[in-house]
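A.B. asks: model this:
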Amino acid sequence: MTPNRPTFLRGIAASPGVAIGKIFLLDSEEASIPERKVSKDQVPDEIARFEDALIETRKEIKEIQQRIDRELGGEYADIFNAHLLVLEDRALIEEVITGLKASKRAVECIFSETLKRYTEVFSHVEDEYLRERTSDIEDVGKRVLQRLTGQKQRSLADLTEPVVVAAVDLSPSDTATMH
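C.D. replies: Numbering: from 1, shown residues only. The predicted structure is shown next:
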């Protein structure tokens, strides 16, 4: 984007009307996950890191859910039940732990690969409701990976002034953190 020259973006508006102003481009790129081997002795530490990331992400989502419940009501807050279910999915958790033990690679690598398999399967399911859960899986996965990698991406919660938000996709938790 060139200064002093208007930039035009096309997309689907989330609200009616025309907006002119500073743009906030919400990153939709995946976190960079460096390939890293771990020793057999480090596997329990990797499992503990994974469990801590799940717990902290669950706490974060519960806080968002409670705030939405207070501000908008329970029907809107219930959207986050699907996010919480992903974090408690024993099959997903066990697949990550089994993959970690077998490959001796960092848990964020295994978790990322497992998520990609899940989202691939869900995106091809005929049931529309289940297919829509793909975005829930991706949103929760992004949050867990940020905790595991320490790579904090820009967030709508970071906004300090009015802006026009541009994003490839806005998850429920993205929009819930907007002021």
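
A.B. asks: now stretch 35-53: how far from the chain's centre is it?
C.D. replies: 21 Å (CA atoms, centre = their mean, to the nearest Å).

A.B. asks: If you could redo that for stretch 15-30, that was the one I meant.
C.D. replies: Relative to the chain's own centre, stretch 15-30 is displaced by 18 Å; criterion: CA atoms, centre = their mean.

A.B. asks: likewise stretch 57-77?
C.D. replies: 16 Å.

A.B. asks: what comes up buried for it?
C.D. replies: For stretch 57-77, the neighbour count (16 or more other CB atoms under 10 Å) marks Thr57, Arg58, Glu60, Ile61, Ile64, Gln65, Ile68, Ala77 as buried. Every C-beta, even on glycine, is put in place using the N, C-alpha and C of the backbone.

A.B. asks: how about the closest residue to the last one other than its chain neighbours, secondary structure?
C.D. replies: With sequence-adjacent residues excluded and distances taken as CB to CB, 6 or more residues apart in numbering, Ala77 is closest to Asp69, at 3.7 Å. For Asp69, the assignment made with DSSP: H, G, I helix; E, B strand; the rest coil gives helix.

A.B. asks: returning to that earlier point: which members of the buried residues of stretch 57-77 are positioned in strands?
C.D. replies: Assigned to strands by DSSP state E, none of these qualify.

A.B. asks: And Ser15, which helix or strand is it part of?
C.D. replies: Ser15 is part of no helix or strand when elements are defined by DSSP states H and E.
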